[in-house]
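Student: Sequence and predicted structure below; questions after.
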Amino acid sequence: MYWCGELVPILLLVLVILPVFVFLSRRNVTKENERKKRKLPPGPPGLPLIGNLHQLGEHPHRALWELSKLYGPLMHLQLCRQQAVVVSSGEIAEEILKTHDLTSSSRPDLASWKRFSYNSSDVALSPYGAAWRELKKILVVKLLSTRKVEGFRRVREEEVERTMNLISCLAAANEAVNLSELAHSLSKSITCRVAFGGRFDEGGPLQPKSKLHRILSETQALLAALYVADYFPWAGWADKFTGLERRTVENIRELDFFLQEVIEAHANKSKMANDEEDIVDVLLRLQKEDISLTEDHVKGVLMNVLIGGTDTSSVTIEFAMAELVRNPSVMARAQEEVRSVVGEKGKIEETDIPLLNYVRSVVKETLRLHPVVPLIPRETTGHMTINGFEIPPKTRVMVNVWAIGRDPASWKRPDEFIPERFIDNPVDFKGQDFQFIPFGAGRRICPGLSFGVTTVQLKLANLLYAFNWEVPGGMGKESLSMEEASGITVHLKADLILRPTKYTNRVDRNYIEC
């Protein structure tokens, strides 16, 4: 589970029921004795009522990593009434995500997640079950299969080339580029064209903060927010007091309105025989063939594609470019590889990617140090025994991917950006090497893995080929802040602003007038 440190309403509740605080303190001691008796994993002592919730802080993956150094790679927490365990090593992750994959394949049953997932009608947030299995099969086989991903190649290459031309305009004018915003805009354009058949960038490609951008940003923030109602259903009034309820209702209304407009437009359009199917077309066709596929299922899947396809790849580009600027020798080697492979062709195409071993290693190293989703949430459906410790049903499992990627037991110099560690190294991110699982593993592995990685590699290779990059204003690489913003996905707190200089051998195609 992900947190933003929004503990004010929880603390207010503590004050409201202060008269029973002493009683709860005594009860907490009893619970601690029960924990030891039941052989639960070790963990930090908690406060009455809220347990360890206050220890998660603004960046839970970092806070939990520090706690795991004291209590071990399998750590027990009490989050209000909810028991939880935190996994911070590849060895324990393999035990849970492989050996006990079926037992740990559900999701936390949160009221807030139900609302965003159209009452558990999606793939990302819904609990494990027969309906989830059928929906994931549709997503993997019908929407994001290898053949489908390859079929979207033209869209990816067109949108990347369009963005390179836009950066050329700024480079010609000696202007800096907000790579954070531009990467997000590019990801949104690719995702919207693949899913909906259009860009939906009404603000223009150089003004990426459109209405859709604002809606998605708010959705991301709310998915990571702490709702009192998820832990104390009788105290849901606190979410109204903090404004969370109002923001949630408004955001869901806006997101639903957008998806409804898209679905109606596709349902009413006349199709030509040679028209390419986007994801909405496929879902509507499948819905006609299977009445059990409801409109909520269609919207739930589209919500997953829209949010998952937009933020994850743009954040990876953001961190990759930041690390490359901070490590000039790595940047130089990556650019040398790209430019020697491409030569005078003028741009990187997807067929060139298999030849770019070092660039692909840069992407892997970025995902190791900066996994987009640092904490993978699961929930157990049955009893498990891990390393002699008991984990009961309905226990929340938080796999700390961020900590696993920095575990010194698995990685030498784990805090340094060293892409060379992946050269001639069979370790990959496809869910079989548990010391490196940025996309998860097992039944809940990210179904968009192939599409996302292909997109990131194409974007990064073109940015490295087409331009040289530096921090603007004569500021050194040391001025770049790597401070993280909190959220369900982790990105840089301050936008990444860099100045591009056009690489002379690059040829602008389909040039957009500046």
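Tutor: Right, received. Where do you want to start?
Student: From here on, just use CA atoms for contacts and neighbour counts.
Tutor: Fine.
Student: S486 reaches R62, doesn't it?
Tutor: No. At 11.0 Å, S486 does not count as touching R62 under the criterion of Cα atoms under 8 Å.
Student: Quick check on those two: which one has the bigger neighbour count.
Tutor: S486 (21 against 16; other Cα atoms under 10 Å).
Student: The stretch 401-514 of the chain: strands as residue ranges?
Tutor: Using DSSP state E, counting those that start in this stretch, the strands of the stretch 401-514 of the chain run over 467-470, 484-485, 491-492, 497-502.
Student: Against which helices or strands is the first one packed?
Tutor: What that stands for is strand 467-470. Contacts defined by 3 or more Cα pairs under 8 Å, 6 or more residues apart in numbering; DSSP states H and E place strand 467-470 against strand 497-502.
Student: From the contact counts, what lies against the strand it packs on?
Tutor: Strand 497-502 packs on helix 153-172, strand 177-178, helix 179-196, strand 467-470, going by 3+ Cα pairs under 8 Å, 6+ apart.
Student: Pairing partners for that strand, with directions?
Tutor: Strand 497-502 has the following strand partners under DSSP bridges: strand 177-178 (antiparallel), strand 467-470 (antiparallel).
Student: Out of those strands, the one nearest F417 is which?
Tutor: Closest to F417 of these, according to Cα to Cα: strand 467-470, at 18.0 Å.
Student: hey, C-alpha coordinates of that closest one in CSV?
Tutor: Output in CSV follows, covering the C-alpha atoms of strand 467-470 (Å, rounded to 0.1, in the frame of the first residue of the first chain):
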residue,chain,number,x,y,z
PHE,A,467,20.6,15.7,-28.9
ASN,A,468,23.4,16.5,-26.5
TRP,A,469,22.1,17.5,-23.0
GLU,A,470,23.2,19.7,-20.2
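Student: what's it in contact with?
Tutor: Defining contact as Cα atoms under 8 Å, 6 or more residues apart in numbering, one finds that strand 467-470 is touched by 325, 477, 498-503.
Student: Lowest-scoring secondary structure element of this protein by mean pLDDT?
Tutor: Every helix and strand of the chain was ranked by mean pLDDT, DSSP states H and E. The lowest is helix 21-37, at a mean of 49.
Student: just the helices and strands packed on strand 497-502: most buried one?
Tutor: helix 179-196 (a mean of 23; mean count of other Cα atoms under 10 Å).
Student: Show me what that one is packed up against.
Tutor: Checking 3+ Cα pairs under 8 Å, 6+ apart, helix 179-196 ends up next to helix 153-172, helix 279-289, helix 295-326, strand 497-502.
Student: pLDDT of the first one, averaged?
Tutor: For helix 153-172, mean pLDDT rounds to 93.
Student: Figure out how far the helix or strand where V359 lies is from the centre of its chain.
Tutor: Secondary structure from DSSP states H and E places V359 in helix 357-369. Relative to its chain's centre, helix 357-369 lies at 17 Å (Cα atoms, centre = their mean, to the nearest Å).
Student: again, but for stretch 431-439
Tutor: Per Cα atoms, centre = their mean, the centroid offset for stretch 431-439 relative to its chain is 15 Å.
Student: Contacts for that stretch next, please.
Tutor: 89-91, 93-94, 367-368, 371-374, 401, 404-405, 410, 427-430, 440-442, 445-446, 449.
Student: just to revisit the earlier point, the helices and strands packed on strand 497-502 into a markdown table, with extra columns for distance to S210?
Tutor: Shown next, in a markdown table, are these (distance: least, Cα to Cα, whole Å):
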| stretch | distance to S210 |
| --- | --- |
| helix 153-172 | 17 |
| strand 177-178 | 15 |
| helix 179-196 | 9 |
| strand 467-470 | 27 |
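Student: what's the closest of the ones you listed to L139?
Tutor: helix 179-196 (11.9 Å).
Student: tell me the angle of the helix or strand just after the closest one relative to helix 295-326?
Tutor: Sequence-wise, the next helix or strand downstream of helix 179-196 (DSSP H and E) is helix 211-223. Computed by axes from the mean of the first three to the mean of the last three Cα atoms, to 10 degrees, the angle separating helix 211-223 from helix 295-326 equals 90 degrees.
Student: what does the next helix or strand after helix 211-223 rub up against?
Tutor: Moving toward the C-terminus from helix 211-223, the next helix or strand (DSSP H and E) is helix 237-242. For helix 237-242, contacts defined as Cα under 8 Å, 6+ apart pick out 9, 227-229, 245-246.
Student: Same question for stretch 83-96.
Tutor: Contact with stretch 83-96 is made by 41, 64-65, 68, 72-78, 104, 386, 394-401, 403-404, 407, 410, 434-436, as judged by Cα under 8 Å, 6+ apart.
Student: just the buried members of these?
Tutor: 41, 64-65, 68, 72-78, 104, 394-401, 403-404, 407, 410, 434-436 (16 or more other Cα atoms under 10 Å).
Student: Among these, name the ones in strands.
Tutor: Judged by DSSP state E, strands contain the following of the buried ones among the contacts of stretch 83-96: 74-78, 396-400.
Student: now, among these, which is nearest to Y358?
Tutor: N400 (26.8 Å).
Student: can you tell me how far the nearest residue to that closest one once chain neighbours are set aside sits from V490?
Tutor: Nearest non-adjacent residue to N400, counting by Cα to Cα, 6 or more residues apart in numbering: L375, 4.7 Å away. Distance of L375 to V490, computed by Cα to Cα, to the nearest Å: 10 Å.
Student: Which one's more surrounded, these two?
Tutor: It is L375, of L375 and V490, that has more neighbours when counted by other Cα under 10 Å, with 27 against 23.
Student: Give me the local confidence score for the more buried one.
Tutor: Reading off the model, L375 has pLDDT 95.
Student: Looks like it contacts M398 (just checking).
Tutor: Yes. Counting by Cα under 8 Å, L375 touches M398, with 6.0 Å between them.
Student: Can you pull out the low-pLDDT segments for the stretch 101-250 of the chain?
Tutor: 201-209 (pLDDT under 70).
Student: at 50 instead, please
Tutor: The model of the stretch 101-250 of the chain has pLDDT under 50 over residues 203-208.
Student: what's the burial count for L306?
Tutor: Neighbours of L306 using other Cα under 10 Å come to 20.
Student: got the contact list for the residue lying closest to it once chain neighbours are set aside?
Tutor: When the adjacent residues along the chain are set aside, L306 lies closest to T191, with 6.4 Å between them (Cα to Cα, 6+ apart). Residues counted as contacts of T191 (Cα under 8 Å, 6+ apart) are 305-306, 309-310.
Student: Against P44, how distant is E365?
Tutor: From E365 to P44 the distance is 32 Å (Cα to Cα).
Student: Kindly report the same for V262.
Tutor: Applying Cα to Cα to V262 and P44 gives a distance of 48 Å.
Student: Check V397 too.
Tutor: For V397, the distance to P44 (Cα to Cα) stands at 16 Å.
Student: Same question for E150.
Tutor: E150 is 48 Å from P44, by Cα to Cα.
Student: So among the contacts of strand 467-470, where is pLDDT lowest?
Tutor: Lowest confidence among the contacts of strand 467-470: K477, with 74.
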